[in-house]
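Novice: I'll drop the sequence and a predicted model, then ask my questions.
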Amino acid sequence: MSIETTKLELIEWLTKLDNEQMLEALLFYKKNHEADDWAEDLTPAQRKAVERGLADEKAGRMTPSSEVWKKYGR
């Protein structure tokens, strides 16, 4: 099936759709898909911090959240 055929099938389906929850979910997905990537707005320092966190995770230097919640409470 070509992309144009798929688009037309979806348009036809949407015009007949009466399920408000489904329409709201689709609109939510559309807005999230169109939103800017928040990672692009990070400062260099924030990017470095994220990279350090990912490196720690990869190296196994992590503390389970259950231990953190024991220490600091929830």
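Specialist: Yes, it's here. Numbers count the residues shown, from 1 in each chain.

Novice: center of this structure, which residue is that?
Specialist: residue 32 (7.7 Å; Cα atoms, centre = their mean).

Novice: Count the neighbours of residue 42 for me.
Specialist: 13 (other Cβ atoms under 10 Å). (Each C-beta comes from the backbone N, C-alpha and C, glycine too.)

Novice: Now do the contacts for it.
Specialist: residue 50 (Cβ atoms under 8 Å, 6 or more residues apart in numbering).

Novice: try 10 Å
Specialist: Counting by Cβ atoms under 10 Å, 6 or more residues apart in numbering, residue 42 touches 48, 49, 50.

Novice: again with residue 70
Specialist: Contacts of residue 70 (Cβ under 10 Å, 6+ apart): residue 64.

Novice: and the helix or strand encompassing residue 13, what other elements does it pack with?
Specialist: In this assignment (DSSP states H and E), residue 13 forms part of helix 3-16. When contacts are defined as 3 or more Cβ pairs under 10 Å, 6 or more residues apart in numbering; DSSP states H and E, helix 3-16 packs onto helix 20-34.

Novice: Need the pLDDT of residue 64.
Specialist: pLDDT for residue 64: 89.

Novice: so what are the domain limits for this structure?
Specialist: 3-34, 38-72 (automatic domain parsing).

Novice: Wait, residue 23 touches residue 14, no?
Specialist: Yes - counting by Cβ atoms under 10 Å, residue 23 touches residue 14, with 8.0 Å between them.

Novice: Just give the number of residues close to residue 52.
Specialist: Residue 52: 11 surrounding residues under other Cβ under 10 Å.

Novice: Distance from the chain centre to the helix or strand it falls within, please.
Specialist: According to DSSP H and E, residue 52 maps onto helix 44-59. Relative to its parent chain, helix 44-59 has a centroid offset of 19 Å by Cα atoms, centre = their mean, to the nearest Å.

Novice: What of stretch 15-23?
Specialist: Between the mean C-alpha position of stretch 15-23 and that of its chain there is a distance of 23 Å (Cα atoms, centre = their mean).

Novice: again with stretch 65-74
Specialist: When C-alpha coordinates are averaged (Cα atoms, centre = their mean), stretch 65-74 and its chain have centres 26 Å apart.
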